[in-house]
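Asks: Sequence below, structure please.
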Amino acid sequence: MLLLPKGNPLFENMAVSKLKLPDIIAKLRNGSFTGYASFVFQTSTAVLVFEAGRLFSALVEDENSMRESGFQALSSLAESMVTTGSGALNVYTLSKDLTMCFYALLEGEPLCKDQNLTLIDINAIHEKIKIDKMNGCLRIFTDEHTAIVFYKEGNPLGFFHDGDREIETSPTETQKIAGMPGAKIDLFSTKNASELAEANLLEFINVQEIWDACVALHKSVINITDTESQELAKIIVSQQLAELEEMVKSIVVDSVGRIGRGIVDKEISDNGGNSCLVDADRAEKFMKGIERTAKLLVSGTNSKVMMERLSSALTGVDSEF
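Replies: Numbers count the residues shown, from 1 in each chain. Okay, the predicted model is just below:
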């Protein structure tokens, strides 16, 4: 997923679960914030880039490197915030020039991705950037470190590393990262960042409406899920009661013969249905009715054995329902 130099932290690792996207954006907009906010979730990362309070880039990338931008990115971010219950927010301030350069990294056209430096001719890439007079950026990274080289019309503007707020002129840190085991590069090309100077997604995207729609949809899904769960629970309980009823009938039939099923049906009906088998008070009345009838049909010993089996079958079952 997205690997970005951290910039100068305004705050880091703030829990997203209690935050609202419209409130975050309003605070950064009203504070004329310049820099970027990243939202890190388990399976995706979202980045919002601001310049003087204008939101000119919004991007979401998932664990499979699939990307969304603009309206779709803001919608996906809102959905993640509403539904995941986790995630961390990081906000970093940057200079205006560096912030505008981020567009190349976030929304530029990828010319190469995840290329191992040991398997690529980096000098040939630099030459191509110069010959093509490319606007864009070259990202050099490992699992723990990231450096970016920004280009304008084929010429390097400077270097950006973790913790920087401005573009640096020295390539020393970038060279160190490039020399680390497992270092890779990405190359992105874009139009001139100056063309984005007046862009502002907030002028034509209503973040509050996006947020409200996500919240409403999530609530409806929860309500549907709760209803389905309740219906499923009712079905399960009904099946369990039917099985318990059959067990009781089997016990009574063993003692008094086939007439036992009719006896059980009558007592269940008299006591409000087979749910009486799992209700302590009604189960006691049910048992007394069965015992009273059984004594007219079988010996006292057989009746006693039957009642012990019934008592054993029904003891504690009410706690399971």
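Asks: ok, and the closest non-adjacent residue to residue 109?
Replies: Nearest non-adjacent residue to residue 109, counting by CB to CB, 6 or more residues apart in numbering: residue 189, 4.9 Å away. For the C-beta atoms, the positions are set from N, CA and C on the backbone; glycine is no exception.
Asks: An error on my part: the question was meant for residue 132.
Replies: Setting aside the residues directly before and after it, residue 132 is nearest to residue 154 in space (CB to CB, 6+ apart), at 6.6 Å.
Asks: still on that earlier bit, the residue nearest to residue 109 against residue 134, yeah?
Replies: Yes: the criterion here is CB atoms under 8 Å, and residue 189 meets it with residue 134 at 5.4 Å.
Asks: In contact with the residue nearest in space to the middle of the chain, which residues?
Replies: Per CA atoms, centre = their mean, the C-alpha nearest to the average position across the chain is that of residue 84, at 3.5 Å. Applying CB atoms under 8 Å, 6 or more residues apart in numbering to residue 84 gives the contacts 16, 17, 41, 42.
Asks: buried residues in stretch 101-121?
Replies: 101, 102, 103, 104, 105, 106, 107, 108, 111, 115, 117 (16 or more other CB atoms under 10 Å).
Asks: what do you get for stretch 256-271?
Replies: Neighbour counts over stretch 256-271 (16+ other CB under 10 Å) mark 256, 260, 261, 263, 264, 267, 268, 271 as buried.
Asks: And stretch 78-98, by the same measure?
Replies: The neighbour-count criterion (16+ other CB under 10 Å) identifies 78-82, 87, 89-95, 98 as the buried residues of stretch 78-98.
Asks: So for that stretch, mean pLDDT?
Replies: The pLDDT scores in stretch 78-98 average 85.
Asks: Okay, residue 68 and residue 247: tell me how far apart.
Replies: Distance of residue 68 to residue 247, computed by CB to CB, to the nearest Å: 56 Å.
Asks: and the next element down the chain from the one helix or strand residue 254 maps to?
Replies: Here residue 254, judged by DSSP states H and E, is contained in helix 207-256. Using DSSP H and E, the helix or strand that follows helix 207-256 in sequence is helix 259-270.
Asks: Tell me what angle that next one forms with helix 207-256.
Replies: Per axes from the mean of the first three to the mean of the last three CA atoms, to 10 degrees, the angle that helix 259-270 makes with helix 207-256 is 140 degrees.
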